[in-house]
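Enquirer: What follows is a predicted protein model with its sequence.
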Amino acid sequence: MPISFKNFLKLHRVSLSLAVLSFVFYYTFAYHLPRTDFVKLLTLFVALFFICFKLIQFEKHNFRFLLGIGILFRLAFLFAEPNLSQDFYRFIWDGHLVSNGINPYLHTPDEFIQNMAAIIPNADELYEGMGSLSARHYSNYPPLNQLIFALVALLGGKSIFGSLFAMRAIIILADIGVFYFGRRLLKNLNKSPHLIFWYFLNPLIIVELTGNLHFEGLMLFFFILAMFLLSIDKWKIAGIVLACSISIKLVPLLFLPLFFKYLGWKKSIVFYTIIGITSLILFLPFNTPEFIDNYGRTIKLWFSNFEFNSSLYNIAKKTAVHFDAKPWEFIKEYGKITPLFTIFIVGLFTFIPKKYDLNRVLWSMMWVLTIYYFISTTVHPWYIIFLVLLSIFTSYRYAIIWSAAIVLSYYAYSQTDFKESLWLLGLEYISVLGYLVYEIVAHRNKK
């Protein structure tokens, strides 16, 4: 055995032991965890977050080691079926529709299963797997995401496992892309490049993206690439790439006004025009009068029908019900206010600051998204991933605390009726808000 390798083992034996233990935990998570077993799920998450913290603490300057184990942890899920989400059934369903030239925005699975199910391989299994909630609604995934689903369906053929494998490969590659361009962006902004490991090794990111196959990772790849391009003044190409991010998930739409002061009004007009034209081209293959109506109604549902892991909304609902309001009526009224309040907040962060550099833009994005999540009716665990990435470009770390605390919301998965525990949600948000207040006070004291 070479002396240098012996020395490496000797010097890094604790970190290597932690990495092996972490891989075992991820393997257990992937193949031996029923989602109804909340105690086991919570125990694994707590252990994985602790190990993540220690690995970054011990090896933060050992770039190759942390990159290698981050990829290895993701590979633990390579042959697993997602156990905390059933969304992948709808991804494959939509992919087969698009690959057969059928517009996924014009037919719900409920409508399709009765007439043309033979077009889709494993149609009955996919239909049952996605659940009744997804089956009765039109697709809400933007156009570039649909094209990725079609690619997955073509690569996977008639095999569900083949499609899962293709999705996982795409998401892992996207995560590596986030790591690469995120690290370069940190350097360009004069920040420590090791901060990217708070994203790359975060258990929530690994479990929800590679494990449960959410495409936030691909959205974030395009987003961070766009921010990197802005940092080297290639803002026109950045506009095209940012439009691709929006066409995977719509969340970056929130941030478009924040570029106005950063670019100036002349560049902003061109920048927004580029984003608009690129988005229009991506939507064009699916564009029909019915598509606009169906997609609009589906998006509206997120504001006025669904609720999960909410904070301010739960408090407001409990107060309203105490005064005899009907919950199903209250959420619709609340859903009308949320977009207006969000627009107001974005406006404040756009026009109040006197000077905007890219650091300030990313800082404003973090706060806009934080406030949006605090007022939202639905905050799934994977939503926080965007916030984690944004936070590493600032001096705030409450998003990392949230990425750990949001694990408590998984309790609902262990209940047959998906009933949430308000005590656990209270513990989640108290810990996040408590740390957030602590950081705000600490930053003011430093100033």
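Expert: Arrived safely.
Enquirer: Measure how buried D124 is and give me the count.
Expert: Residue neighbour count, defined by other CB atoms under 10 Å, stands at 10 for D124. In this view, the C-beta of every residue, glycine as well, is placed from N, C-alpha and C.
Enquirer: Kindly provide the distance from the nearest residue to V207 once chain neighbours are set aside to E125.
Expert: Leaving aside its sequence neighbours, V207 sits nearest to F29 (CB to CB, 6 or more residues apart in numbering; 6.5 Å). According to CB to CB, to the nearest Å, F29 stands 24 Å off from E125.
Enquirer: Check L209 too.
Expert: Between L209 and E125 the computed distance is 24 Å (CB to CB).
Enquirer: just to revisit the earlier point, what about the residue nearest to V207, how many residues nearby?
Expert: Under the criterion other CB under 10 Å, the count of neighbours that F29 has is 24.
Enquirer: quick one: it from K54, how far?
Expert: As judged by CB to CB, F29 and K54 stand 18 Å apart.
Enquirer: again, but for F38
Expert: Computed as CB to CB, the F38 to K54 distance reads 25 Å.
Enquirer: More neighbours: these two, which one.
Expert: F38 (19 against 14).
Enquirer: which residues does the more buried one contact?
Expert: Shown here is F38, whose contacts under the criterion CB atoms under 8 Å, 6 or more residues apart in numbering are 410-411, 413-414.
Enquirer: try 10 Å this time
Expert: Under the criterion of CB atoms under 10 Å, 6 or more residues apart in numbering, the contact partners of F38 comprise 407-408, 410-415, 421, 424.
Enquirer: Got phi/psi on F308?
Expert: Comment: the main-chain dihedrals of F308 come out as phi -160, psi 130, following degrees, to the nearest 10.
Enquirer: Could you check how many residues crowd around it?
Expert: The number of residues near F308, taken as other CB under 10 Å, comes to 16.
Enquirer: shouldn't it be in contact with K419?
Expert: No - proximity of F308 to K419 does not meet the contact threshold set by CB atoms under 10 Å, at 11.1 Å.
Enquirer: tell me, what's touching these two both at once?
Expert: If you check F308 and K419 against CB under 10 Å, 6+ apart, the residues they both contact are A412.
Enquirer: low-scoring stretches of this structure, by residue?
Expert: Under the criterion pLDDT under 70, the flagged ranges of the chain are 1-9, 117, 301-304, 447.
Enquirer: Which secondary structure elements does the longest helix anywhere in it sit against?
Expert: As assigned by DSSP state H, the longest helix anywhere in the chain is helix 160-188. Where contact means 3 or more CB pairs under 10 Å, 6 or more residues apart in numbering; DSSP states H and E, helix 160-188 is packed against helix 63-75, helix 87-99, helix 123-135, helix 143-156, helix 197-200, helix 216-231, helix 358-375, helix 384-391.
Enquirer: coming back round to it: please list only the buried members of the contacts of F38.
Expert: Among the contacts of F38, those classed as buried by neighbour count (16 or more other CB atoms under 10 Å) are 407-408, 410-414, 421, 424.
Enquirer: Looking at those, which are in helices?
Expert: Among those, DSSP H puts L424 in helices.
Enquirer: what's the closest of the buried ones among the contacts of F38 to N359?
Expert: Nearest to N359 among these, counting by CB to CB, is V407 at 30.2 Å.
Enquirer: How about the closest one: what's its closest non-neighbour residue?
Expert: The spatial neighbour of V407 that comes closest, neighbours along the chain excluded (CB to CB, 6+ apart), is F45 at 4.5 Å.
Enquirer: Quick check: that neighbour touching G211?
Expert: No - F45 sits out of contact with G211 when judged by CB under 10 Å, with a separation of 11.6 Å.
Enquirer: E420: neighbouring residues, count only.
Expert: The number of residues packed near E420 is 17, by other CB under 10 Å.
Enquirer: Leaving aside the residues adjacent along the chain, what's closest to it?
Expert: Of all residues not flanking E420 in the chain, A412 sits nearest, at 4.7 Å (CB to CB, 6+ apart).
Enquirer: Was I right to think the one you found contacts E428?
Expert: No - taking contacts as CB under 10 Å, A412 lies outside contact range of E428: 11.9 Å.
Enquirer: where do the contact lists of the two overlap?
Expert: Common neighbours of A412 and E428, counting by CB under 10 Å, 6+ apart, are 309, 421.
Enquirer: Count the neighbours of the residue nearest to I160 when sequence neighbours are not counted for me.
Expert: Of all residues not flanking I160 in the chain, N122 sits nearest, at 5.6 Å (CB to CB, 6+ apart). Residue neighbour count, defined by other CB under 10 Å, stands at 17 for N122.
Enquirer: Would you agree N122 is in contact with G95?
Expert: No - taking CB under 10 Å as the definition, N122 is not a contact partner of G95, at 11.9 Å.
Enquirer: Would you mind listing the residues touching both of these two?
Expert: The contact sets of N122 and G95 overlap at S163 (CB under 10 Å, 6+ apart).
Enquirer: tally of neighbours for the residue lying closest to F223 once chain neighbours are set aside?
Expert: Counting by CB to CB, 6+ apart, S245 is the residue found nearest to F223 once chain neighbours are left out, at 4.3 Å. By the measure other CB under 10 Å, the count of residues near S245 is 26.
Enquirer: Just list the residues touching S245, thanks.
Expert: Under the criterion of CB under 10 Å, 6+ apart, the contact partners of S245 comprise 142, 144, 218-227, 251-253, 255, 275.
Enquirer: which of those are buried?
Expert: Buried residues within the contacts of S245, counting neighbours by 16+ other CB under 10 Å: 142, 144, 218-227, 251-252, 255, 275.
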